[in-house]
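1. what follows is a predicted structure for the sequence shown.
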Amino acid sequence: MSADPEPRSAATPPPLSPAPRSTDPPPQKTAVALHAYECPNCGGDAHWNPIKHTLVCSSCGSALPPPKQDNVTYKLKQRSLDEGLRDAPTEAELDREDDTKIAVACGNCHAVSYFNVGTAADRCQFCGSSAIVPYDALGDRERPQCVIPFQFNEFGARESARKWYRSQWLAPRKFRKAARMDVVHGMYLPFWNFDADARGRYADREGHTGEVSMRFDGVLICGAEDVPTDLLEKIEPFPADLLRTYDGEYIAGWTVARNRMALASAREYAHGRMQEKLLQAARKVQPSGKNSHNLRIAEARYANETYSQALLPVWLMSYTYYGKPFTLVVNGATGKAEGKSPKSWVKIAIIVVILGWIWLFFQDPETALKLPVWIGQGIWSLVSWPFRG
């Protein structure tokens, strides 16, 4: 389902400049939320429960029968990229919707809630009922064909965060105890999924060239706005065997982000990730030497390009450490966590000193072996100086 987590390459294009915005009042779309999933026992609203893998009533706790296709892995149906680009909206068309509010009439209490244009599902602001906007009402030409349901709840997400805390050995000593979790939000994010055959011509500064080719399956590009894409790449892969045909039951009670990235832009980002992999392959086939790190992909060609769209589960979390905010994301299917953490300059300094000593040892072993003795003598002189007669 996913390519290996790699940072986006230098070939990744910068975000397109937004088109000029109109000074007219923001437009508004109106939609009626899909009928909520009612409990057959009490009539309460049922939400998807990742522990029981079925809908569970939020009032009486009764579990509804699981979706019929819950045990059937979805077979990805990729579409030709050339065909999709002919029909896909442009970046400018998507940008014109940025200020649009979607008025959603709740099917339970009939109150009207207002969703941001980037949201396809959330809970009613008045009664808490699941409010899922039909994609027909959104007018999206591209829609998710499949979904990986959440596999664990908020408690499991927090446990993944605690494990991640313990793995941050460069963080300050008090990090695990002092970090305070502020926000834990489970969310379905829309991803473009690309497949392609790629061939790259590489070159170095001295003019040596060669070619490498690779088959790519499942290069993921997140289409949601305001999400840490660099961290999302690091929590891949998402298991393909957990894919299920898209069904509103899986997202009932959860927030669902809407895809706001044009297909053409997503393709360029996918090509950037593919070129990173081609460059890694080129460095492996290139004879080792001084020029291996100077390689670059001079030209890349792609064939048999296909794509699809899926909703994938992600826990978005934020925590503070002595007042400074940090971001953490957790794969809602595997529990893999990745985030940003504070660094201990003391630990970093110790590592630098050790690496420097190792380098010196290979350059001048005799001096390297004497260096700890000299440092010890200097420290002893400083400590004993006040006691000298």
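-> Yep, that arrived. Note that this is a predicted model, so its numbers are computed, not measured. Numbering: from 1, shown residues only.

2. select the longest helix from this structure.
-> If you go by DSSP state H, the chain has its longest helix at helix 263-285.

3. what lines up beside the helix or strand following it in the sheet?
-> Downstream of helix 263-285, the first helix or strand assigned by DSSP states H and E is strand 296-321. Strand pairing for strand 296-321, determined by DSSP bridges: strand 79-80 (antiparallel), strand 146-147 (parallel), strand 180-203 (antiparallel), strand 324-331 (antiparallel).

4. ok, back up a step: which helices and strands sit right next to the longest helix of the chain?
-> With contacts defined as 3 or more C-beta pairs under 8 Å, 6 or more residues apart in numbering; DSSP states H and E, helix 263-285 has these neighbours: helix 81-87, strand 180-203, strand 209-222, strand 296-321. From N, CA and C alone the C-beta is placed, and that goes for glycine too.

5. and the strands in the stretch 101-250 of the chain?
-> 101-105, 112-116, 119-123, 130-132, 146-147, 180-203, 209-222, 244-245 (DSSP state E, counting those that start in this stretch).

6. pLDDT weak spots in the stretch 1-150 of the chain?
-> Scanning the stretch 1-150 of the chain for pLDDT under 70 picks out the ranges 1-36, 89-141.

7. the longest helix of the chain vs strand 180-203, what angle?
-> 70 degrees (axes from the mean of the first three to the mean of the last three C-alpha atoms, to 10 degrees).

8. tell me the buried residues in helix 263-285?
-> The neighbour-count check on helix 263-285 (16 or more other C-beta atoms under 10 Å) flags 263, 265-267, 269-279, 281-282 as buried.

9. how far away from the center of its chain is it?
-> The gap between where helix 263-285 is centred and where its chain is centred comes out at 17 Å by C-alpha atoms, centre = their mean, to the nearest Å.

10. which non-adjacent residue is nearest residue 367?
-> Closest residue in space to residue 367, ignoring its immediate chain neighbours: residue 360 at 6.5 Å, by C-beta to C-beta, 6 or more residues apart in numbering.

11. on the three-state scheme, the one you found is what?
-> helix (DSSP: H, G, I helix; E, B strand; the rest coil).

12. local confidence estimate at it?
-> pLDDT recorded at residue 360 is 83.

13. so it makes contact with residue 371?
-> Yes - because the distance of 7.0 Å satisfies C-beta atoms under 8 Å, residue 360 is recorded as touching residue 371.

14. contacting residues for the closest residue to residue 151 other than its chain neighbours?
-> Ranked by C-beta to C-beta, 6+ apart and with sequence neighbours excluded, the top spatial neighbour of residue 151 is residue 333, at 5.1 Å. Residue 333 sits next to 148, 150, 151, 238, 239, 242, 312, 313 when contact means C-beta atoms under 8 Å, 6 or more residues apart in numbering.

15. select from the residues you listed the one having the most neighbours.
-> The most crowded member of the contacts of residue 333 is residue 312, carrying 28 neighbours; neighbours defined as other C-beta atoms under 10 Å.

16. who does that one bridge with?
-> Following DSSP bridges, residue 312 is listed with bridge partners residue 189.

17. how far away is it from residue 318?
-> Separation of residue 312 from residue 318 (C-beta to C-beta, to the nearest Å): 20 Å.

18. over to residue 180?
-> Residue 180 is 10 Å from residue 318, by C-beta to C-beta.

19. then residue 368?
-> From residue 368 to residue 318 the distance is 45 Å (C-beta to C-beta).

20. returning to what we had before: who's more crowded, residue 180 and residue 318?
-> residue 318 (15 against 10).

21. wait, that one touches residue 179, no?
-> No - counting by C-beta under 8 Å, residue 318 sits too far from residue 179 to count as a contact (10.7 Å).

22. what's the overlap in contacts for those two?
-> residue 326.

23. mind listing what's buried in stretch 155-167?
-> Those would be 156, 157, 160, 161, 164, 165, for stretch 155-167 by 16+ other C-beta under 10 Å.

24. quick one, domains of the chain?
-> Domain ranges of the chain: 28-343, 346-387, per automatic domain parsing.

25. what's the most buried one of these?
-> Of all those, domain 28-343 has the most neighbours on average by mean count of other C-beta atoms under 10 Å, namely a mean of 18.

26. so the nearest residue to residue 81 once chain neighbours are set aside versus residue 195, what's the distance?
-> Distances taken as C-beta to C-beta, 6+ apart place residue 305 nearest to residue 81, at 3.9 Å, with adjacent residues excluded. From residue 305 across to residue 195, the span is 7 Å (C-beta to C-beta).

27. quick one, what contacts residue 63?
-> 49, 52, 54, 55, 56, 57 are the contacts of residue 63 under C-beta under 8 Å, 6+ apart.

28. distance of residue 283 relative to residue 208?
-> For residue 283, the distance to residue 208 - C-beta to C-beta - is 13 Å.

29. shared neighbours of those two, anything?
-> Contacts common to residue 283 and residue 208, judged by C-beta under 8 Å, 6+ apart, are absent.

30. which residues touch the closest residue in space to residue 202 that isn't next to it in sequence?
-> Among residues not flanking residue 202 along the chain, residue 282 sits closest, at 4.0 Å (C-beta to C-beta, 6+ apart). Neighbouring residues of residue 282 by C-beta under 8 Å, 6+ apart: 200, 202, 210, 212, 295, 297.

31. surely the last one touches residue 275?
-> Yes - the pair formed by residue 297 and residue 275 meets the contact definition of C-beta under 8 Å, at 4.9 Å.

32. just confirm residue 343 is within a strand.
-> No - counting by three-state DSSP, residue 343 is not found in a strand; it is coil.

33. wait, it sits on residue 171?
-> Yes - look at residue 343 against residue 171 with C-beta under 8 Å: they come within range, at 6.6 Å.
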